[in-house]
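>>> next input, structure requested:
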Amino acid sequence: MSLKNKKHFKLSDVEVVDRQVAFKGFFQVDKLTLKHRLFGGGWSQPMHREVFERGHAAAVLPWDPATDQVLLIEQLRVGAVSAGDPQPWLLEIIAGMLDKPDEDPADVAYREAVEEANCSLLDIEPMMDYWSSPGGCSEKISLFCGRMDACKIQPGIFGLASEHEDIKVHLIDFSEAIELLAQGRLNNAATVIAVQWLQLNQQKLKAAWGIS
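Numbering: from 1, shown residues only. Alright, predicted model coming up:
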């Protein structure tokens with residue numbers, strides 16, 4: 001049965017009774033008391049939920065359609081360390097936080113490409129927006145594919161020392177990225193989604209960029 005004509009609940013069908021800051025450090029955790037309309041009718045009882053207020057982010061996969069190469073970065077991730085992952089240095093796409101709520105995510109993608117990989121993007125195409133972990137985190141990620149000139153990319157170590165960034169840049173064939181995905185070496189959501197999106201949309205993207 002199609003969902004197109006179905007009535008869906010909206011934000012107005014949720015009542016936030018109370019919001020308190022439970023923790024504030026590098027990030028913030030808020031404690032919410034809320035209730036919401038039920039699918040079977042009526043309202044839920046008030047419930048308590050903690051929300052990780054991480055802010056929103058933009059992420060970009062640089063791709064050279066002429067050479068069919070992509071740029072990936074590698075860096076240590078504290079979440080993987082905390083979870084005991086034996087390989088906490090993850091292969092990822094470029095990403096960064098929006099400094100202000102009204103900041104254009106595309107501008108963030110251009111900026112972070114330079115900061116994290118010394119990569120000046122020639123063009124950019126939106127992929128999608130998605131919630132990273134909506135059960136307990138407010139972060140929404142805007143994904144992009146960025147057009148790059150692989151001949152101008154110099155693999156090396158980049159990032160801002162003031163932000164404790166130690167980022168290694170890899171320039172690889174897109175076919176290798178697909179192999180890494182199949183092997184489970186690409187194992188974070190933004191990177192998996194971006195690589196799969198590019199695999200499905202290469203020809204459409206070339207047309208958008210006027211490339212035969």
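
>>> let me see the ranges of the strands in the protein.
14-24, 28-36, 47-53, 57-64, 69-76, 89-92, 94-97, 123-131, 140-147, 157-158, 167-173 (DSSP state E).

>>> out of those strands, deepest packed?
strand 57-64 (a mean of 26; mean count of other C-beta atoms under 10 Å). C-beta: built from backbone N, CA, C; applies to glycine.

>>> can you tell me the strand partners of that strand and which way each runs?
Strand 57-64 pairs in its sheet with strand 69-76 (antiparallel), strand 94-97 (antiparallel), strand 140-147 (parallel), by DSSP bridges.

>>> which one of those lies closest to residue 84?
strand 69-76 (14.0 Å; C-beta to C-beta).

>>> hmm, who's touching the closest one?
61-64, 88-94, 116-117, 119, 148, 150, 153, 159, 165-174, 177, 191, 195, 198 (C-beta atoms under 8 Å, 6 or more residues apart in numbering).

>>> buried residues, whichever helix in the chain runs longest. List them.
Counting by DSSP state H, the longest helix found in the chain is helix 189-208. The neighbour-count check on helix 189-208 (16 or more other C-beta atoms under 10 Å) flags 190-191, 193-195, 197-198, 205 as buried.

>>> just checking, what packs against it?
strand 57-64, strand 69-76, strand 89-92, strand 123-131, strand 140-147, helix 174-183 (3 or more C-beta pairs under 8 Å, 6 or more residues apart in numbering; DSSP states H and E).

>>> how far is the fourth one from where the chain is centred?
Average the C-alpha atoms of strand 123-131, do the same for its chain, and the two points are 9 Å apart (C-alpha atoms, centre = their mean, to the nearest Å).

>>> kindly report the same for the shortest one.
The chain centre lies 13 Å from the centre of strand 89-92; the measure is C-alpha atoms, centre = their mean.

>>> just the CA trace of that strand, in CSV.
Written as CSV, here are the backbone C-alpha positions of strand 89-92 (Å, rounded to 0.1, in the frame of the first residue of the first chain):
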residue,chain,number,x,y,z
TRP,A,89,41.3,4.8,12.3
LEU,A,90,38.4,5.0,9.9
LEU,A,91,38.3,5.7,6.2
GLU,A,92,35.7,8.4,5.6
